[in-house]
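Visitor: only geometry, no sequence info:
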């Protein structure tokens, strides 16, 4: 479903993500854990390009979301001037490619053939980012409901604006979703009158109103009062049981263990360890994972 | 007693009332037209100022920045003089146009800063939520950010309009006949021979205009705040 290929993210001189790769399969529930500042939120936000990776590529269902990264396409590298220069010195093609990758040798201008090859990769694979985002629901830590709209308008804005549904259809679907979470009587109120738990559940169904293929959760319960965490987790659990593909960044270890098919432990901008929850929580391999789990469990 | 007597005299003498009416007309025409120019141009400047950095926006953004800095960094009276005695120093060029343009340009710089601040004051999460749903940047701006920004800038824009109305009183410095000038001329006349009376009356006129404007802004603010709990 989602492929993250060798992404780097720099904020100024700070490298937040360092050569991260992962695959999210259809129907899979992946939970990302790790200390704060480990890059887990950044990685999630890179998946729908709320942050654009400095290097590397993101793919959704075989479609490229980011600009093409030449280092991931040997055929493109072969058209570069640098490759031509090195090929004279090193006879082996694979060796040249490896050298270019390792030493980061590609420059901005590598000749017309190279530019054309890069453009061709993008032309064949790239999908409009707005189209891609429609298929990926995102839930934020701070809910981010549209303050200038009623709950119902929050749910119908995107489907109607993007002409996926008529206003009536969108409202009908929105009411179904609100009924599902028991908030149908809140349809015409503004977000400022709701509790945190209600806001977050509405934010979740707002994403569902687009019928996404995958849901991304960025610490969905971190800004909630403790007594409201349960209702939000229950809803996410329900979605998981229905088979929704999801990627969740969370600090709720109990929930992670229960819902995840696979856990990624991140630290220092890298995926340090990944394993099914039973394995990762009971017998972590990496010392950093052990240290982190000993603090939080 | 003399003071009240003279006030009655002022209001009952058609000559004086005509003078005040003439002055009031000039003040209002300049204020309203300059406010319109200021709002339109100011919005445009704000949109340019917050545009993303790219090779297409680099030059417009720089021009915009210099314009705002220069206008806000020099006295209004000086700007008016430059307009009247340098740029539009053409015999017979209508002074009211000169003044309107000068005040409009001045106001636009302040309006631009207010609107820019208003847009930036909307939580970035709102934009992110819109974009994450797949909405294009333009739709997100128009449907989500700007409606919330307007609510935030109305009080500041109101302040700017009030300041603008009062500042128009300096058009008398280029010899125009506005409300302030009317008071001065009436006061210096032989019959009235008192500044305090016409000045007080004209002050009440300004106060009345500003009061009405404040009232209107409060009304708009109240309606826009319907979605807030406060």
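Guide: Nice, thanks for sending it over. These numbers were taken from a predicted model, which means no experiment stands behind them. Residues are numbered from 1 along each chain as shown, chains lettered A, B, ... in the order given.
Visitor: for the particular helix or strand that has residue A:178 in it, packing partners?
Guide: According to DSSP states H and E, residue A:178 maps onto helix A:167-180. If you count contacts as 3 or more C-beta pairs under 8 Å, 6 or more residues apart in numbering or on different chains; DSSP states H and E, helix A:167-180 packs onto helix A:151-161, helix A:196-208. Heads up, the C-betas are built off the backbone N, CA and C, glycines and all.
Visitor: in that helix, what's buried?
Guide: Neighbour counts using 16 or more other C-beta atoms under 10 Å in any protein chain shown place A:170, A:171, A:173, A:174, A:177, A:178 of helix A:167-180 among the buried residues.
Visitor: do I have it right that residue A:290 meets residue A:282?
Guide: No. Using C-beta atoms under 8 Å, residue A:290 is not in contact with residue A:282, being 11.3 Å away.
Visitor: show me which of those two is the more surrounded one.
Guide: residue A:290 (13 against 10; other C-beta atoms under 10 Å in any protein chain shown).
Visitor: ranges for the helices of chain A?
Guide: Remark: helices assigned in chain A by DSSP state H are A:40-47, A:74-77, A:81-89, A:93-103, A:112-125, A:129-134, A:151-161, A:167-180, A:196-208, A:226-241, A:253-259, A:277-282, A:287-296.
Visitor: show me which residues of chain B are close to chain A?
Guide: Counting by C-beta under 8 Å from any C-beta of the partner chain, chain B comes close to chain A at B:123, B:125-126, B:128-136, B:139, B:143-144, B:147-148, B:151, B:226-229.
Visitor: buried subset of these?
Guide: Buried subset of the residues of chain B next to chain A (neighbour count, 16+ other C-beta under 10 Å): B:126, B:128-135, B:139, B:143-144, B:147-148, B:151, B:227.
Visitor: confirm that residue B:185 sits in a helix.
Guide: Yes. Assessed with DSSP: H, G, I helix; E, B strand; the rest coil, residue B:185 lies in a helix.
Visitor: pLDDT value on the nearest residue to it once chain neighbours are set aside, please?
Guide: Nearest residue to residue B:185, sequence neighbours excluded (C-beta to C-beta, 6 or more residues apart in numbering or on different chains): residue B:19, at 6.5 Å. Listed pLDDT for residue B:19 reads 90.
Visitor: any idea which element residue B:19 lies in?
Guide: According to DSSP H and E, residue B:19 maps onto helix B:14-50.
Visitor: burial measure for residue 79, as a count.
Guide: You didn't pick a chain, so chain A it is. By the measure other C-beta under 10 Å, the count of residues near residue A:79 is 20.
Visitor: can you look at chain B instead?
Guide: Residues near residue B:79, counting by other C-beta under 10 Å, number 17.
Visitor: quick one: it and residue B:102 touch, right?
Guide: Yes. Contact criterion C-beta under 8 Å: residue B:79 and residue B:102 qualify, at 5.6 Å.
Visitor: I'd like to know how far residue A:165 sits from chain B.
Guide: Separation of residue A:165 from chain B (C-beta to the nearest C-beta, to the nearest Å) stands at 13 Å.
Visitor: give me the pLDDT for the closest residue to that residue other than its chain neighbours.
Guide: Once flanking residues are discounted, residue A:165 sits nearest to residue A:159: 4.4 Å by C-beta to C-beta, 6+ apart. Listed pLDDT for residue A:159 reads 95.
Visitor: right, and residue A:159 touches residue A:209 too?
Guide: Yes. Counting by C-beta under 8 Å, residue A:209 is a contact partner of residue A:159 at 5.8 Å.
Visitor: between the two, what contacts are shared?
Guide: Taking C-beta atoms under 8 Å, 6 or more residues apart in numbering or on different chains as the criterion, residue A:159 and residue A:209 both touch A:170, A:173.
Visitor: so what's residue 209 up against?
Guide: Because you didn't say which chain, this covers chain A. Contact analysis of residue A:209 by C-beta under 8 Å, 6+ apart lists A:155, A:156, A:158, A:159, A:170, A:173, A:174, A:177.
Visitor: that was the other one, I meant chain B.
Guide: By C-beta under 8 Å, 6+ apart, the contact set of residue B:209 is B:28, B:165.
Visitor: what distance do you get for it to chain A?
Guide: Residue B:209 is 31 Å from chain A, by C-beta to the nearest C-beta.
Visitor: which SS class is that residue?
Guide: Recorded secondary structure, residue B:209: helix (three-state DSSP).
Visitor: quick one: pLDDT of residue 91?
Guide: Unless you meant another one, I'm taking chain A. Residue A:91 is assigned a predicted lDDT (pLDDT) of 73.
Visitor: my question was about chain B
Guide: 86.
Visitor: quick one: name the residues of chain A near chain B.
Guide: Taking C-beta under 8 Å from any C-beta as the measure of proximity, chain A contacts chain B at A:48, A:50, A:130-138, A:140, A:142, A:144-149, A:157-158, A:161-162, A:190, A:192-193, A:203, A:206-207, A:210.
Visitor: could you find the closest non-adjacent residue to residue A:252?
Guide: Spatial nearest neighbour of residue A:252, chain neighbours left out: residue A:221 (6.1 Å); criterion: C-beta to C-beta, 6+ apart.
Visitor: give me the low-pLDDT residue ranges for chain B?
Guide: B:1, B:227-230 (pLDDT under 70).
Visitor: tell me how it divides into domains.
Guide: Domains of chain B are assigned by automatic domain parsing as B:33-176, B:180-225.
Visitor: deepest of those, which one?
Guide: Comparing these by mean neighbour count (mean count of other C-beta atoms under 10 Å in any protein chain shown), domain B:33-176 comes out on top with a mean of 18.
Visitor: pull the distance from it to the chain's centre.
Guide: With C-alpha atoms, centre = their mean, to the nearest Å as the basis, domain B:33-176 stands 10 Å off its chain's centre.
Visitor: between the two ends of it, how far is it?
Guide: The separation between the terminal residues of domain B:33-176, taken as C-alpha to C-alpha, to the nearest Å, is 16 Å.
Visitor: same thing with stretch B:48-66?
Guide: Using C-alpha to C-alpha, one end of stretch B:48-66 lies 13 Å from the other.
Visitor: what lies in contact with it?
Guide: B:45, B:68, B:112, B:116, B:119, B:120.
Visitor: look up the closest residue to residue B:33, ignoring the ones flanking it.
Guide: Nearest residue to residue B:33 in three dimensions, chain neighbours excluded: residue B:100, at 4.6 Å (C-beta to C-beta, 6+ apart).
Visitor: wait, the one you found touches residue B:30, no?
Guide: Yes. With contact defined as C-beta under 8 Å, residue B:100 counts as touching residue B:30 (5.4 Å).
Visitor: roughly how far does the residue nearest to residue A:165 sit from residue A:200?
Guide: Computed as C-beta to C-beta, to the nearest Å, the residue A:159 to residue A:200 distance reads 20 Å.
Visitor: which one's more surrounded, those two?
Guide: residue A:200 (27 against 24).
Visitor: burial of the residue lying closest to that one once chain neighbours are set aside, as a residue count?
Guide: Excluding its sequence neighbours, the residue lying closest to residue A:200 (C-beta to C-beta, 6+ apart) is residue A:232, at 4.8 Å. The number of residues packed near residue A:232 is 25, by other C-beta under 10 Å.
Visitor: which residues touch residue A:232?
Guide: Contacts for residue A:232 (C-beta under 8 Å, 6+ apart) come out as A:197, A:200, A:201, A:204, A:220, A:221, A:224.
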